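[1] Sequence first, then the predicted structure:
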Amino acid sequence: MRVPSSSVPSLRTLSIATVVAMGVAFGLVFFYAPIELEEGFLQKIFYLHVPLAIVSLCGFVSGGLMAIAHLRTRDSRWDLRSYVTIHMSLIFGVAVLLTGSIWARGSWGHWWVWSEPTLVSYLIVFLLYATYQPLRFAIEDPERQARYASVFAIVAGAFVPLNFLAVRLSTSYLHPRVLGGSSNLPGPMRLTFLVSLAAIALLFVTLCSYELTAKRTRIMLKSRSRILGYR
Amino acid sequence: MNIEPKSQTTKPHAASSRAAHAPAGTSSAFTKHVQDKAPSAHAPAGTPSSSTKHVPTKTAQVVLALLRKELLVELRTLESVPGMSLFAVSTFVVFHFALHRSAVDGDLAAGVLWVTLLFAAMLGVNRLFVADAEQGGFDGFLLAPVDRSAMLLAKVCALLAYLVVLELVAVPAFALLLLGPSLGQALPGLVGVIALADVGIAVIGTLIAALAVRTRARDLLGPLLALPLLVPVVIGGARASSPLLAAGHAGGPGGRWLALLALYDLVFGLIAYAVFDFLLED
């Protein structure tokens, strides 16, 4: 709980690193990465959409891992971390669906395509995690709230890979798959992609630490004011 | 009520099984108390070999007792299964008018069947723990010195039984009211697909029901949580049964859909077993 003294400098470094990384990444995206032949300028949304999706999915799964740590150690800080990670992943998830939708509109002419398994799986995962907060805040008792939220986070975290497998199996490959990961990208594009991924991951970590610090400070403030007898 | 005398005679086994499943402070204190008392009372009677032999039968007995209670309550109140079956038949009628078709086959038939079964199952899921939460069933169970996973197993079996009865009504009704091709040829394959999917629905349904029942908005949260989680079951079930329900019986269920359903059952069965205890504390 000694938050302000220990984490403000690291927050500052994190913020600076994030701003620099985002600047470098956008510089690379706009001035270094070549224009893709088939899709043209629109393809550059790839450098935003795919890292956002990867980072938020990792956030969902690691929220589940933190929930396991919470149930094993009974330490409410793990629950707070799990909550913040899932919350932030959900916000990133909105951005993923928006950018994916724009990309689909640009390259296939529709705002939504069912033939892109990754996007469809992502929507299902998003809909599942959208129930995390309604579930959490429908329970009054804080200890039970943390426990139930952790159980949900574990089940949902295991659901993520299984759901991707199921949807991928069910989709017929009518459209050419642009979104094949970074394995077959040419050099400059791959470098740009990796830098964007690192930048987005840093952004995620920074935003999570800001929220964590805010939440801890609020908890501390509450306990202090209770000690002092306000409210 | 009649658990009390039984627990007197089986305390050593109960204590050993409870020690493994007692994370909270109060219950471990209780365990210690029982363990302190138990050897003096039962040391000559219970040797270690006999106690290790008895632990699995004990849990099986508890599961059977809970399952019996569950089915007895359902049989006497008839709260879930008739409602589920009636809902399924009404849904077929609604589909007839909504789709404006007198007969469906193939993909469409599989979709109609699985959507109906899923939503009917939701009704049972929503009711599954309500009596336990409202009338002290949880408290009674937690007071008994038994393995808590027994409740998961019993509830999964109960929900599975409800689903089987539902399907005994819904599938013939579907064949009668909506299905174009005859059901006879497709039946063995369809039974296999439905059985695999039912296990997944029962496991996830039980877990979600336990998660949602003690929240403020349980009727809303149950389906909201369960529907996205059950999408893989719908994918597997619908894809596996669509060739079975096609005109001219286009072939058996694809092996990979059955494998997907089996994988789903296995993964969520293990996860439910691992996390269910945490829903029953307090």
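    Okay, I see it. Numbering: from 1, shown residues only, chains lettered A, B, ... in the order given.
[2] Following element in sequence after the one helix or strand in chain A whose mean pLDDT sits lowest, please.
    Among the helices and strands of chain A, helix A:3-27 carries the lowest confidence by mean pLDDT, DSSP states H and E, at a mean of 80. Of the helices and strands lying after helix A:3-27 in sequence (DSSP states H and E), the nearest is helix A:46-73.
[3] quick check: angle from that following helix to helix A:3-27?
    Angle, helix A:46-73 to helix A:3-27, by axes from the mean of the first three to the mean of the last three C-alpha atoms, to 10 degrees: 150 degrees.
[4] packing partners for helix A:46-73?
    Applying 3 or more C-beta pairs under 8 Å, 6 or more residues apart in numbering or on different chains; DSSP states H and E, we find helix A:46-73 packed against helix A:76-108, helix A:117-129, helix A:142-170, helix A:187-228. From N, CA and C alone the C-beta is placed, and that goes for glycine too.
[5] What is the longest one packed up against?
    The helices and strands touching helix A:187-228, judged by 3+ C-beta pairs under 8 Å, 6+ apart, are helix A:3-27, helix A:46-73, helix A:76-108.
[6] returning to that earlier point: tabulate the helices and strands packed on helix A:46-73 in a markdown table, adding columns for mean pLDDT and mean neighbour count.
    As requested, these are exported to a markdown table (pLDDT from 0 to 100; neighbours: other C-beta atoms under 10 Å in any protein chain shown):
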| stretch | mean pLDDT | mean neighbour count |
| --- | --- | --- |
| helix A:76-108 | 92 | 19 |
| helix A:117-129 | 90 | 21 |
| helix A:142-170 | 90 | 21 |
| helix A:187-228 | 90 | 16 |
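[7] Now these in a markdown table, please, with extra columns for distance to residue A:18.
    Output for those, formatted as a markdown table (distance: least, C-beta to C-beta, whole Å):
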| stretch | distance to residue A:18 |
| --- | --- |
| helix A:76-108 | 13 |
| helix A:117-129 | 24 |
| helix A:142-170 | 25 |
| helix A:187-228 | 5 |
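[8] ok, residue A:20 - how many residues close by?
    Residue A:20 has 12 neighbouring residues, counting by other C-beta atoms under 10 Å in any protein chain shown.
[9] ah, wrong one, I meant residue A:186
    For residue A:186, using other C-beta under 10 Å, the count is 10.
[10] And for it, nearest residue in space, chain neighbours not counted?
    For residue A:186, ignoring the flanking residues on the chain, the nearest one in space by C-beta to C-beta, 6 or more residues apart in numbering or on different chains is residue A:34 at 7.7 Å.
[11] Tell me who's in contact with that neighbour.
    With contact set as C-beta atoms under 8 Å, 6 or more residues apart in numbering or on different chains, residue A:34 has these partners: A:186, A:188, A:189.
[12] ok, now residue A:64?
    A:82, A:153, A:154, A:156, A:157, A:158.
[13] Go back to these and keep what's next to chain B.
    Checking the contacts of residue A:64 against chain B by C-beta under 8 Å from any C-beta of the partner chain, the ones in range are A:154, A:156, A:158.
[14] so what's the last one up against?
    Under the criterion of C-beta under 8 Å, 6+ apart, the contact list for residue A:158 reads A:64, B:267, B:268, B:271.
[15] again, but for the second one
    By C-beta under 8 Å, 6+ apart, the contact list for residue A:156 reads A:60, A:64, A:125, A:128, A:129, A:132, B:229.
[16] If we use 6 Å, what do you get?
    Residues counted as contacts of residue A:156 (C-beta atoms under 6 Å, 6 or more residues apart in numbering or on different chains) are residue A:128.
[17] for the first one, same thing?
    Each residue near residue A:154 by C-beta under 6 Å, 6+ apart is listed here: A:64, A:67, A:68, B:275.
[18] Check the residues you listed for burial and list the buried ones.
    In terms of neighbour count (16 or more other C-beta atoms under 10 Å in any protein chain shown), the buried residues within the contacts of residue A:154 are A:64, A:67, A:68, B:275.
[19] got a pLDDT number for the first one?
    What it means is residue A:64. You'll see residue A:64 listed with a pLDDT of 94.
[20] mind checking how far it is from residue B:212?
    Counting by C-beta to C-beta, to the nearest Å, the separation of residue A:64 from residue B:212 is 19 Å.
[21] just the last one next, same as before
    Distance from residue B:275 to residue B:212, counting by C-beta to C-beta: 14 Å.
[22] so what's residue 215 closest to, chain neighbours aside?
    Reading this off chain A. Using C-beta to C-beta, 6+ apart, the nearest residue to residue A:215 is residue A:80, at 6.1 Å.
[23] that's the wrong chain, I wanted chain B
    Nearest non-adjacent residue to residue B:215, counting by C-beta to C-beta, 6+ apart: residue A:138, 3.7 Å away.
[24] Tally up the residues packed near residue B:196, please.
    Counted by other C-beta under 10 Å, the residues lying close to residue B:196 total 22.
[25] one step back: would you check how far apart the residue nearest to residue A:186 and chain B are?
    38 Å (C-beta to the nearest C-beta, to the nearest Å).
[26] circling back: any chance of the contacts of residue A:64 in a markdown table, with distance to residue B:224 too?
    Below are the contacts of residue A:64 laid out as a markdown table (distance: C-beta to C-beta, whole Å):
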| residue | distance to residue B:224 |
| --- | --- |
| A:82 | 20 |
| A:153 | 16 |
| A:154 | 18 |
| A:156 | 13 |
| A:157 | 18 |
| A:158 | 19 |
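[27] Can you say which two of these are spatially most distant?
    Greatest spatial distance among the contacts of residue A:64 (C-beta to C-beta): A:82 and A:158, at 14.2 Å.
[28] Show me which residues of the stretch 51-200 of chain B are close to chain A?
    Nowhere does the stretch 51-200 of chain B come near chain A, counting by C-beta under 6 Å from any C-beta of the partner chain.
[29] So what's the gap between stretch A:101-114 and the chain middle?
    Distance of stretch A:101-114 from the chain centroid (C-alpha atoms, centre = their mean, to the nearest Å) equals 22 Å.
[30] The residue of the stretch 51-200 of chain B found nearest chain A: neighbouring residues, count only.
    Chain A sits closest to residue B:200 of the stretch 51-200 of chain B, with a gap of 10.6 Å, by C-beta to the nearest C-beta. By the criterion of other C-beta under 10 Å, residue B:200 has 25 neighbours.
[31] How about the secondary structure of residue B:147?
    coil (DSSP: H, G, I helix; E, B strand; the rest coil).
[32] center of the chain, which residue is that?
    Picking chain A for this. The structure's chain A has its C-alpha centroid closest to residue A:56; by C-alpha atoms, centre = their mean the separation is 2.1 Å.
[33] Would you mind pulling the contact partners of stretch B:243-259?
    Here stretch B:243-259 makes contact (C-beta under 6 Å, 6+ apart) with B:105-106, B:109-110, B:181, B:185-186, B:189-190, B:193, B:236, B:239-240.
[34] What's the mean pLDDT across it?
    Stretch B:243-259 shows a mean pLDDT of 80.
[35] buried ones in that stretch?
    Buried, per 16+ other C-beta under 10 Å, within stretch B:243-259: B:243, B:244, B:245, B:246, B:253, B:254, B:257, B:258.
[36] can you tell me which of these lies nearest to residue B:59?
    residue B:258 (29.8 Å).
[37] which stretch of helix or strand covers the closest one?
    Using DSSP H and E, residue B:258 sits in helix B:255-279.
[38] Could you pull out the buried residues of that helix?
    Counting neighbours by 16+ other C-beta under 10 Å, helix B:255-279 gives B:257-258, B:260-261, B:263-265, B:267-269, B:271-272, B:274-279 as buried.
[39] The buried residues of stretch B:243-259: which two are farthest apart?
    B:246 and B:258 (17.2 Å).
[40] and the residue nearest to residue B:245 when sequence neighbours are not counted, backbone torsions?
    Nearest residue to residue B:245, sequence neighbours excluded (C-beta to C-beta, 6+ apart): residue B:109, at 4.1 Å. When read as degrees, to the nearest 10, the backbone of residue B:109 gives phi -60, psi -40.
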